[in-house]
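[1] here are the coordinates; sequence isn't available:
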């Protein structure tokens, strides 16, 4: 039985991913900010949990270290936490405080989680790291054009982190898979009630990446996925 750690696990895409992994028989540890909502989610799934504000990088690092010491090396790490930037946060109008808030949560804390938990996963040569990115962070198409600058740029940074880490770890040949997911416009707190995709549809690719059979001779990792298909960065 595999150990899965899921951030952003108290709601939305993180909760749905955790729910599916738990249903498949994996041990799951949820990580999220809101203690009450997180406790309710963990009770619903009957799994362990840790509450932490990932904007505080030191607190995040300590929490991930404690999780590692308590539960051991995970085989699955899903990073589904994130925040949207303010509606009018264009590059020339964003405050330093807003820039740092979004970058800390969407990118810096992703590095912290991967740095603490991904290292022993790579050493064990047995792991899947799946990070929720966004199509708004793509360098191709309309991804980096217009508004929501901190959000778009933070997700572009996530994409760069995934691509670089996959290269550093041999693109799956050493047992560690690293991938980014674009869940598309999903009916979550961030996506809103009128989004075209259900939470189940938005989480599907991450669940598949976390559990798929993988042959390094023929299959691919270190990529950006949408609806189980590779899309351009």
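    Nice, thanks for sending it over. This structure is a prediction, so every number in the text was calculated from the model and none was measured.
[2] For the residue lying closest to residue 18 once chain neighbours are set aside, give its distance to residue 148.
    Counting by Cβ to Cβ, 6 or more residues apart in numbering, residue 18 lies nearest to residue 6, which is 4.3 Å off, once chain neighbours are set aside. C-beta coordinates here come from the backbone N, C-alpha and C atoms, glycine included. Going from residue 6 to residue 148 by Cβ to Cβ, to the nearest Å gives 25 Å.
[3] The two: which is more packed in?
    Neighbours per residue, other Cβ atoms under 10 Å: of residue 6 and residue 148, the larger number sits with residue 6, 34 against 21.
[4] List phi and psi for that one.
    Here is the backbone geometry of residue 6 (degrees, to the nearest 10): phi -130, psi 120.
[5] what does residue 178 give?
    Here the main-chain torsion angles of residue 178 (degrees, to the nearest 10) amount to phi -130, psi 120.
[6] Could you measure from it over to residue 213?
    Taking Cβ to Cβ as the measure, residue 178 falls 17 Å from residue 213.
[7] what does residue 138 give?
    When distance is defined by Cβ to Cβ, residue 138 is 27 Å away from residue 213.
[8] Over to residue 154?
    Summarising the geometry, the distance separating residue 154 from residue 213, computed by Cβ to Cβ, is 32 Å.
[9] Equivalent analysis for residue 123, please.
    When distances are taken as Cβ to Cβ, residue 123 and residue 213 turn out to be 23 Å apart.
[10] Compare neighbour counts for those two and give me the winner.
    Set residue 123 next to residue 213 and count neighbours by other Cβ under 10 Å: residue 123 wins out with 13 against 5.
[11] From the contact counts, what lies against the helix or strand containing that one?
    Residue 123 is located in helix 119-124, with elements delineated by DSSP states H and E. Counting by 3 or more Cβ pairs under 8 Å, 6 or more residues apart in numbering; DSSP states H and E, no packing neighbours are recorded for helix 119-124 among the helices and strands.
[12] which of the residues in that helix are buried?
    Taking 16 or more other Cβ atoms under 10 Å as the basis for neighbour counts, the residues of helix 119-124 that come out buried are 121-122.
[13] Count the residues that sit near residue 221.
    Residue 221: 22 surrounding residues under other Cβ under 10 Å.
[14] Go ahead and name everything in contact with stretch 204-223.
    4, 13, 17, 20-21, 24, 76, 78, 80, 128, 130, 132, 162-163, 165-167, 171-173, 177-181, 183, 225-228, 230 (Cβ atoms under 8 Å, 6 or more residues apart in numbering).
[15] how does it look with 7 Å?
    For stretch 204-223, the surrounding residues in contact (Cβ atoms under 7 Å, 6 or more residues apart in numbering) are 4, 17, 20-21, 24, 76, 78, 128, 130, 132, 162-163, 166-167, 171-173, 177-179, 181, 225-228, 230.
[16] Ok, stretch 51-64 next?
    Applying Cβ under 7 Å, 6+ apart, the external contacts of stretch 51-64 come out as 31-33, 35, 38, 50, 81, 101, 104-105, 108-109, 112-113, 116-117.
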